[in-house]
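Chemist: Okay, here's the prediction I keep looking at, along with the sequence it came from:
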Amino acid sequence: MRTYFFETYGCEMNIAESAAVEQLFIARGWKASESAQTADVAIINTCSIRETAENRILGRLGWFSGLKAVRECKVGAKTKLLEEAVEYVRDGAKPLTLIVMGCMAERLLQSFQKDYPFIDYVVGTYAKHHFSEIISAIEEGRKPYKIDDSEQYRFAALSAEPGAFSTFVPIMHGCNNFCTYCIVPYVRGRELSRPVNEILNEIDLLGKMKVREITLIGQNVNSYHSDDGVNFAQLLQKIADHLRETDSPIKWVRFMSSHPKDFSDDVIDVIAKESVICRHIHLPVQHGSSEVLKKMNRRYTREHYLELVQKIKDRIPEVSLTTDLMMGFPGETEEDVELTLDLMRQVKYESAMMYYYNPREGTPAAKWEQIPVEVRKERLQRVIDLQLEHTHEQMSKRVGSTVMVLVEGVSRDDKTELLGQTEQHEKIAFKADRSCIGSFVNVKITELSGNTFRGELQ
């Protein structure tokens, strides 16, 4: 029985793309391995969004180099880290095939195999549709399949992890925004929207696979525009209508990531109208200063963002908002930091992805004068501290209410409890029979423990 192992870094798009490739292995009778040490094929799906992600991946490649050497009996058998692999070799395993895919593979496409000759395949973001041929070559013991990475991006047929109740559905690829700090447009290319019929067909397949919740994903979903003229608001409406007409078991639809400059009134209206679309919106602001936003090339101001937030809250009172915040961008002043803290106090996000600016080679901002790392970290900590207060405040308001919950599985902390998530993407633990797993139930929130609710089945 041939086995594979995935190691995925980065965003939801990478998770979806790993799941889509995994479906190809499963369809050919391969099984998932519990570890890279015992797999026949290891696939590393890489991320380039921050230098720290790339450094971590480079460290892992060093580890995989050693693993491959052991699997090919080129080094001694005393390394404790690789003992399992050594035993596997003794049992007659074939050498490990190593595949690197994703954004870092695309960015370093020309140099990766030269600098890391132990990698068998480097699969950039435009070449994932060649995985069927790659798998065939591995199965037949042929020389590595020659990849043409010059073709247009193609969407995978299915991107659900086996047995998942929630999954991602890619609706577009690439980005046209060119924020001055971001490498995504350079490794993902220009925006390409997926045809509506492909999206609806995948949703139907996911429903048959017992998926109950989907998240529409893309680098900027709000700029979705299909060849036949369907925009994002119209796509949301078509999906809501389709789920209703087909009596689909999928009851929740989310989306990310959104760009504030493209978040239209029509999108707000569809969310307010259609209960299948979750009242939870991730709306990355990145910063609270209009001056910094201009340097970032975000193409909206602080005032525009706050007006959008107010519009959303007026039309969808029960909405929860989350965001991304970047501190320490070149040229940021103390006044800019205070403007960001003030914006947070006005919006009161339920949670946030918070990080300090990390220069990416090839982007305009990487060439500008940089703020010292220790200053970036200190400013980030102030943002984190405030957000922790807001998260507790916002979640505490929901204690005592009864909410619909998608039951995802057994709690890791207490095997007598089940764990689920709310429409607002919060975790909640409660006692119930395991037959509830994979279904929607009503739960009364009784208390807040850290960032997890506890509740009682109703």
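Modeler: Noted; the coordinates are in hand. Numbers count the residues shown, from 1 in each chain.

Chemist: Apart from its chain neighbours, what residue comes closest to Val226?
Modeler: Heads up, residue 226 is Ser, not Val. Distances taken as Cβ to Cβ, 6 or more residues apart in numbering put Ser193 closest to Ser226, at 5.0 Å, once the chain neighbours are dropped. The C-beta positions use only the backbone N, C-alpha and C, and glycine is treated the same way.

Chemist: ok now do that neighbour, which residues does it touch?
Modeler: Contact analysis of Ser193 by Cβ atoms under 8 Å, 6 or more residues apart in numbering lists 171-172, 224-227.

Chemist: Give the PyMOL command for selecting the buried subset of those.
Modeler: Command for PyMOL that selects the buried part of the contacts of Ser193, burial taken from 16 or more other Cβ atoms under 10 Å:
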select buried, resi 171+172+224+226
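
Chemist: ok, Lys431 to Asp414 distance?
Modeler: From Lys431 across to Asp414, the span is 9 Å (Cβ to Cβ, to the nearest Å).

Chemist: same thing with Ile183?
Modeler: Distance from Ile183 to Asp414, by Cβ to Cβ: 42 Å.

Chemist: How about Arg56, nearest residue that isn't a chain neighbour?
Modeler: Nearest residue to Arg56, sequence neighbours excluded (Cβ to Cβ, 6+ apart): Tyr9, at 7.2 Å.

Chemist: can you check Thr52 too?
Modeler: Asn358 (6.4 Å).

Chemist: OK, contacts around the one you found?
Modeler: The contact partners of Asn358, taken as Cβ under 8 Å, 6+ apart, are 50-52.

Chemist: so how many other residues sit close to the residue nearest to Asn222 when sequence neighbours are not counted?
Modeler: Spatially, and ignoring its direct neighbours in sequence, Asn222 is nearest to Asp262 (3.5 Å; Cβ to Cβ, 6+ apart). Residues lying near Asp262 (other Cβ atoms under 10 Å) number 17.

Chemist: hang on, Asp262 packs against Ser223?
Modeler: Yes - counting by Cβ atoms under 8 Å, Asp262 touches Ser223, with 5.0 Å between them.

Chemist: Overlap of the contact sets of those two?
Modeler: Common neighbours of Asp262 and Ser223, using Cβ under 8 Å, 6+ apart, are Phe232.

Chemist: Can you get me a residue count around Asp414?
Modeler: As a measure of burial, Asp414 has 12 neighbours, counting by other Cβ under 10 Å.

Chemist: Asn45 is in what secondary structure piece?
Modeler: Asn45 is part of strand 41-46, with elements assigned from DSSP states H and E.

Chemist: Quick one: list the elements packing against the very next helix or strand once past that strand.
Modeler: Using DSSP H and E, the next helix or strand after strand 41-46 towards the C-terminus is helix 51-71. Counting contacts by 3 or more Cβ pairs under 8 Å, 6 or more residues apart in numbering; DSSP states H and E, helix 51-71 is packed against strand 41-46, helix 83-90, strand 97-102, helix 103-107.

Chemist: Would you single out the least confident of these?
Modeler: For the helices and strands packed on helix 51-71, the weakest mean pLDDT is recorded on helix 83-90, namely a mean of 52.

Chemist: Which residue, other than its chain neighbours, is closest to Arg244?
Modeler: Distances taken as Cβ to Cβ, 6+ apart place Val276 nearest to Arg244, at 7.5 Å, with adjacent residues excluded.

Chemist: Please consider this matter closed, and thank you.
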